[in-house]
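Participant: Give me a model of this one.
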Amino acid sequence: MLNQIKTILLLGILTGIMLVVGQLIGGAQGLTIALVIVVAMNFFSYFFSDKMVLLMYRAKLLKKSEAPEIFQIVDEVRKEAGIPMPKLYVVPTNTPNAFATGRNPKHAAVAVTAGIVSLLNKEELKGVLAHELSHIKNRDILIQTVAATIAGVISYLAMMFKWAAIFGGGDRDRSGSQVFGLLALAIITPLLAMILQLAISRAREYMADESGARLVKNPKALASALAKLNEGVKAKPMRFGSQATSSLFIVNPFSANGIFNLLSTHPPVEERIKRLNQLKI
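Facilitator: Have a look, this model is predicted:
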């Protein structure tokens, strides 16, 4: 419940920033154009991103005869979650990971890598699949799309701020402080939008961890899986795909380190494990 409230608040703040920036830049026409462009892009992404992501990661549709144990686990957990059976895919890589995609429970897919199947035991794999099915049940892709749309509009408006500051928008009497203020807004607003977007993504990961663990009534299995996946990705990071899609995976497949961890869409694995081990079922 706390993570749901946090997500709503963060989306509200993002929306507020967008409205303030739109007002500051002046002129409803520019705001309208920005809204139309970014919403159209995200509309396309919302309906076709699942196909694009599956193609990007060379995912192959799994048949029940090829992986009966995975089908059995997913079928058990999805019944417990009260959602339809998603399509199942396998990604041909030794990087241990998994992700869910699709715009809603009726149009969803879960993909596992070849590496995760060989690394985890049955209970750990069940915990991971429950996490991914929780993303589907919680409609996290819809929430992430809304956040991306708002953040995209803010970034577009920030670019307009930048050009207004450089060229003066036809106002030759604009003071140096006004120009500095516009440039500051051009830098700060997209950065703030990105931070809030990351916060939303992290909140949804915590929520999927908890709801997934509750579905299988075994938080320690998911905690153990996260520890193995974290080490597995460090040893065998993903060699193809895009960092822009890293938020889909249960752990960052590109093994970000150092300062890049601060900009990761995922919470620290150590904190996720700690929360799961403290979870009372």
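Participant: residues making contact with stretch 64-71?
Facilitator: 62, 88, 90, 112, 117, 122, 125, 129 (CB atoms under 8 Å, 6 or more residues apart in numbering). Bear in mind the C-beta positions are built from the backbone N, C-alpha and C, glycine included.
Participant: give the contact list for the second one.
Facilitator: For residue 88, the residues meeting the contact criterion (CB under 8 Å, 6+ apart) are 61-62, 67, 70-71, 74, 109-112.
Participant: so where's the stretch 51-200 of the chain shaky on pLDDT?
Facilitator: 145-186, 189 (pLDDT under 70).
Participant: ok, which stretches of it are strands?
Facilitator: 60-61, 87-91, 98-104, 107-113 (DSSP state E, counting those that start in this stretch).
Participant: Closest one of the contacts of stretch 64-71 to residue 200?
Facilitator: residue 129 (23.3 Å; CB to CB).
Participant: My understanding was that that closest one contacts residue 98; is that so?
Facilitator: Yes - the criterion here is CB atoms under 8 Å, and residue 129 meets it with residue 98 at 7.1 Å.
Participant: Show me which residues of stretch 110-129 are buried.
Facilitator: Neighbour-count burial for stretch 110-129, counted by 16 or more other CB atoms under 10 Å, picks out 110-113, 115-116, 119-120, 124-129.
Participant: Just put the residues you listed in JSON lines and tack on distance to residue 196.
Facilitator: Converted to JSON lines, the buried residues of stretch 110-129 look like this (distance: CB to CB, whole Å):
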{"residue": "110", "distance to residue 196": "28"}
{"residue": "111", "distance to residue 196": "28"}
{"residue": "112", "distance to residue 196": "31"}
{"residue": "113", "distance to residue 196": "30"}
{"residue": "115", "distance to residue 196": "33"}
{"residue": "116", "distance to residue 196": "31"}
{"residue": "119", "distance to residue 196": "34"}
{"residue": "120", "distance to residue 196": "33"}
{"residue": "124", "distance to residue 196": "33"}
{"residue": "125", "distance to residue 196": "33"}
{"residue": "126", "distance to residue 196": "33"}
{"residue": "127", "distance to residue 196": "29"}
{"residue": "128", "distance to residue 196": "28"}
{"residue": "129", "distance to residue 196": "30"}
